[in-house]
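**Q** Got a predicted structure here, sequence first:
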Amino acid sequence: MSNQMIWWGGKHPDLAAMTRGGEGSMNSWLGIEFVDCGDNWIKARMPVNERTQQPFKRLHGGASVALAETVGSVAASWCVDNTKFVGVGMEINANHIRPAYSGWVYATARPEALGRTTQVWTIRIEDEAGKLVCISRFTVAVIPLERK
């Protein structure tokens, strides 16, 4: 994909609105916050703490996947007219590269393909030192809002 603006309406998404959209759901329980974006990417963070760790105090792989799917779904929904459509997950895979034990992890989503009914995103999750923790490929179905 090029570096062209991908966001619906030609302006960057409201990061606070993206974060608020997850209130009362897994997003808020895990502490996911949207923190930055560019013309063709979005970044969120999640704490590594008792809510997101496995019993061995490492970041739980399922929490990484939940973060990746959250960032990809929210990003996908801001690339379409969100008064008419929503992005929902179809398939996700994740490769867990290295552990994270504390602090924050940051997920950056970039589109690989933005089709009318399907989108494909790559999500890189890095620790605070910028080291790769997990990489995901996420396929999104774009569906009419009344079907969500």
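**A** Yep, that arrived. Numbers count the residues shown, from 1 in each chain.

**Q** Now find how far off-centre the helix or strand encompassing residue 17 is within its chain.
**A** In this structure, residue 17 sits in helix 15-20 according to DSSP states H and E. Here the centre of mass of C-alpha atoms in helix 15-20, compared against the chain's by CA atoms, centre = their mean, to the nearest Å, lies 12 Å away.

**Q** cool, stretch 127-134 as well?
**A** Using CA atoms, centre = their mean, the mean C-alpha position of stretch 127-134 is found 15 Å from that of the whole chain.

**Q** what does that stretch contact?
**A** Residues from elsewhere that reach stretch 127-134, judged by CB atoms under 8 Å, 6 or more residues apart in numbering: 59, 61, 64-65, 68, 94-100, 103-106, 124-126. C-betas here are computed from N, CA, C, even on glycine.

**Q** before we move on, the earlier item: report the buried residues of the helix holding residue 17.
**A** Taking 16 or more other CB atoms under 10 Å as the neighbour-count basis, helix 15-20 is seen to contain the buried residues 15, 18, 19.

**Q** Same check on stretch 119-129?
**A** 119, 120, 121, 122, 123, 124, 125, 126, 127.

**Q** next one: stretch 21-28
**A** Within stretch 21-28, the residues scored as buried using 16+ other CB under 10 Å are 21, 22, 27.

**Q** Grab the longest helix from this structure for me.
**A** Within the chain, and with DSSP state H defining each element, the longest helix by residue count is helix 61-77.

**Q** Let me know the next secondary structure element after it.
**A** Counting by DSSP H and E, the element that comes right after helix 61-77 along the chain is strand 85-96.

**Q** which other helices and strands contact that following strand?
**A** helix 61-77, strand 132-144 (3 or more CB pairs under 8 Å, 6 or more residues apart in numbering; DSSP states H and E).

**Q** let's go with 10 Å and repeat that
**A** Using 3 or more CB pairs under 10 Å, 6 or more residues apart in numbering; DSSP states H and E as the contact definition, the elements that strand 85-96 packs against are helix 61-77, strand 118-126, strand 132-144.

**Q** Now the second one - C-alpha only, CSV.
**A** This file holds the C-alpha atoms of strand 118-126, laid out as CSV (Å, rounded to 0.1, in the frame of the first residue of the first chain):
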residue,chain,number,x,y,z
THR,A,118,-12.4,-7.4,2.8
GLN,A,119,-9.3,-5.8,4.2
VAL,A,120,-6.0,-7.3,5.2
TRP,A,121,-3.8,-5.7,7.9
THR,A,122,-0.4,-6.4,9.4
ILE,A,123,0.0,-5.6,13.1
ARG,A,124,3.4,-5.4,14.7
ILE,A,125,3.5,-5.5,18.5
GLU,A,126,6.7,-4.1,20.1
